[in-house]
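Novice: Build me a model:
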Amino acid sequence: MTTPSADLSAMLPQGGRLAIGDGAGTPREVWDAVLELVHERPDVSLLLGWWFQPPSSHEGLDATRVKTLVSGFGMRRLIDKGHVGFIPSRLGAAPTLLQGALRADVLLTSLRPSASGFSFTTEVAWERAVVDAGGAVAAVVRPNAPEISSGPELPVADVRVLAESDARPEEFIATSSSEEQRVVAAHIARLIPDDARLQVGPGGLGAAVFDAIERPVAVDTGIITDPVLGLAERGLLVDTPLAPYLAGSAELYDWAARGRVTVERVEVTHNLVRLSTGRPLVAVNTGLEIDLDGQVNAEVAGGSWVGGIGGQPDYALGASLSREGVSIMAMSSHRGGIPTLVERLQGPVSTPCYDVDIVVTEKGHCDLRGLSRQERRQGLSELWSR
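Specialist: Numbering: from 1, shown residues only. Down below sits the predicted model:
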């Protein structure tokens with residue numbers, strides 16, 4: 001009987017790339033086999049994504065062979081220490097990269113057994129792009145993963161099963177909202193038009209925004225989390241939530257498994273034409289610092305890869321083009337006692353100034369639409385000085 005490491009090695013050609021599924025379904029059960037593969041096959045490279053927590057071990061990993069599409073969360077320290085290289089790209093561009101520069105020979109992911117094959121569960125995201133580009137599929141099979149709408153099944157013959165697991169998806173519990181975040185969220189709630197679609201990033205601020213909503217909204221976002229369940233329980237959720245990822249508590253997974261969410265591929269969720277048409281799209285994102293022109297750094301603080309690009313620029317652009325929609329950048333006026341409004345960013349530009357419509361802090365908001373650069377600088381300075 002072969003081992004998972006041997007199976008993966010047999011599937012990978014010389015100089016091959018292994019893409020590892022991310023999110024709540026990250027196949028941690030066979031991570032040791034991946035490390036063994038990396039040790040035995042120096043020609044093989046890895047492509048990672050969004051991990052909630054760092055892997056149990058990173059022995060043998062280095063940024064020349066291991067890259068990730070998403071920084072922050074579980075990848076932060078590995079990027080800081082040079083074990084993983086971060087690819088600075090919007091998530092919406094991932095399928096194109098996976099067809100070319102980042103084409104992977106094998107996708108290692110978690111799947112759920114279905115009536116006639118296997119299905120994706122808590123994430124689809126960029127993974128189908130690997131398959132469409134000709135990548136083979138190796139999987140940890142999880143019968144206890146939630147059965148949700150995630151697109152067509154994968155035929156049994158197309159999947160190499162490496163392991164079976166009774167584990168449920170990994171839980172992702174956001175930190176509690178602070179009082180300041182609740183104040184910011186109250187400002188944001190007043191800016192949301194009727195009949196809107198809402199995209200909100202995960203975390204304390206995102207949870208506060210959902211809690212502050214007082215009118216029905218649709219959810220068209222990057223990650224469906226527990227606050228979406230709370231919105232449904234308050235009778236304020238319109239239509240079926242759509243996202244490339246589902247991540248939260250066991251209660252959320254149980255609720256979602258009743259056909260209440262749609263988890264789709266990035267080509268659908270981050271499609272600019274879809275995002276910019278239909279109901280007004282309100283995109284609520286955040287950053288670590290913003291300059292006087294309205295450019296946002298959402299990635300680096302103090303030399304550490306605290307956050308990432310992800311889908312922020314996709315949703316921000318889509319919302320800025322959406323009729324009656326709005327791209328909102330929400331942030332505290334100070335971080336660690338230091339103003340977050342700066343003359344020049346200390347980190348890279350994650351979201352350009354022309355994709356930011358309104359900036360919101362605990363002090364209020366500044367509408368940048370239609371303003372010249374000088375007027376933007378004046379407006380932002382006034383907001384921070386209140």
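Novice: CA atoms of the top helix by length along the chain as CSV?
Specialist: As far as residue count goes, and with DSSP state H defining each element, the longest helix of the chain is helix 373-385. Taking C-alpha atoms only, helix 373-385 is exported to CSV below (Å, rounded to 0.1, in the frame of the first residue of the first chain):
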residue,chain,number,x,y,z
ARG,A,373,-6.2,65.5,-5.4
GLN,A,374,-5.9,68.7,-3.5
GLU,A,375,-9.5,68.5,-2.3
ARG,A,376,-8.9,64.9,-1.3
ARG,A,377,-5.9,65.8,0.8
GLN,A,378,-7.8,68.6,2.4
GLY,A,379,-10.9,66.4,3.1
LEU,A,380,-8.9,63.5,4.6
SER,A,381,-6.8,65.9,6.7
GLU,A,382,-10.0,67.5,8.1
LEU,A,383,-11.5,64.1,8.9
TRP,A,384,-8.5,63.0,10.9
SER,A,385,-8.3,66.4,12.7
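Novice: show me what contacts residue 312?
Specialist: With contacts defined as CB atoms under 8 Å, 6 or more residues apart in numbering, residue 312 is in contact with 90, 201, 285, 298, 350-351. Where you see a C-beta, it was placed from the backbone N, CA and C, and this is true even at glycine.
Novice: mind redoing it with 7 Å?
Specialist: Residue 312 makes contact with 285, 298, 350-351 under the criterion CB atoms under 7 Å, 6 or more residues apart in numbering.
Novice: Find the nearest non-adjacent residue to it, please.
Specialist: For residue 312, ignoring the flanking residues on the chain, the nearest one in space by CB to CB, 6 or more residues apart in numbering is residue 285 at 4.7 Å.
Novice: which residues does the one you found contact?
Specialist: The contact partners of residue 285, by CB under 7 Å, 6+ apart, come to 201, 312, 315-316, 329, 351.
Novice: ok, it to residue 96 distance?
Specialist: Summarising the geometry, the distance separating residue 285 from residue 96, computed by CB to CB, to the nearest Å, is 22 Å.
Novice: And the contacts of stretch 172-184?
Specialist: With contacts defined as CB under 7 Å, 6+ apart, stretch 172-184 is touched by 24, 52, 202-205, 207-208, 225, 247-249, 330, 332, 360-362.
Novice: By neighbour count, sort out the buried ones in those.
Specialist: For these, a burial check counting by 16 or more other CB atoms under 10 Å picks out 24, 202-205, 207-208, 225, 247-248, 330, 332, 360-362.
Novice: helices or strands up against the helix or strand containing residue 112?
Specialist: Secondary structure assigned from DSSP states H and E places residue 112 in strand 106-113. If you count contacts as 3 or more CB pairs under 7 Å, 6 or more residues apart in numbering; DSSP states H and E, strand 106-113 packs onto helix 4-11, strand 17-20, strand 117-119, helix 127-132, strand 136-141.
Novice: what angle do that strand and strand 136-141 make?
Specialist: Here strand 106-113 runs at an angle of 40 degrees relative to strand 136-141 (axes from the mean of the first three to the mean of the last three CA atoms, to 10 degrees).
Novice: Okay, now the sheet partners of strand 106-113, with direction.
Specialist: Here strand 106-113 is paired, per DSSP bridges, with strand 17-20 (parallel), strand 117-119 (antiparallel), strand 136-141 (parallel).
Novice: sorry, back to before: which members of the contacts of stretch 172-184 are positioned in strands?
Specialist: Cross-referencing those with the strands (criterion: DSSP state E) gives 330, 360-361 as the overlap.
Novice: could I get those as JSON lines with pLDDT?
Specialist: Written out in JSON lines, the entries for those read as follows (pLDDT from 0 to 100):
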{"residue": "330", "pLDDT": "97"}
{"residue": "360", "pLDDT": "98"}
{"residue": "361", "pLDDT": "98"}
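Novice: Can you lay out those residues as JSON lines showing distance to residue 138?
Specialist: As requested, the ones in strands among the contacts of stretch 172-184 are exported to JSON lines (distance: CB to CB, whole Å):
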{"residue": "330", "distance to residue 138": "40"}
{"residue": "360", "distance to residue 138": "44"}
{"residue": "361", "distance to residue 138": "46"}
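Novice: got the contact list for residue 334?
Specialist: Applying CB under 7 Å, 6+ apart as the definition, the contact partners of residue 334 turn out to be residue 340.
Novice: Which residue or residues pair with it through a beta bridge?
Specialist: According to DSSP bridges, the residues that bridge with residue 334 are residue 339.
Novice: Look up which residues are beta-bridged to the residue nearest to residue 312.
Specialist: On the basis of DSSP bridges, residue 285 is bridged to residue 329.
Novice: Would you indicate which residues of the longest helix of the chain are buried?
Specialist: If you call a residue buried by 16+ other CB under 10 Å, then helix 373-385 has these buried ones: 376-377, 379-380, 383-384.
Novice: For that helix, what is the distance to the chain centroid?
Specialist: Relative to the mean C-alpha coordinate of its chain, helix 373-385 is positioned 30 Å out (CA atoms, centre = their mean, to the nearest Å).
Novice: what's the answer for stretch 304-316, then?
Specialist: Stretch 304-316 has its average C-alpha position 8 Å from the chain's average C-alpha position, going by CA atoms, centre = their mean.
Novice: and it, which residues are buried?
Specialist: Across stretch 304-316, burial judged by 16+ other CB under 10 Å covers 305-316.
Novice: which one of those is nearest residue 43?
Specialist: Closest to residue 43 out of those is residue 305 (27.2 Å), distances taken as CB to CB.
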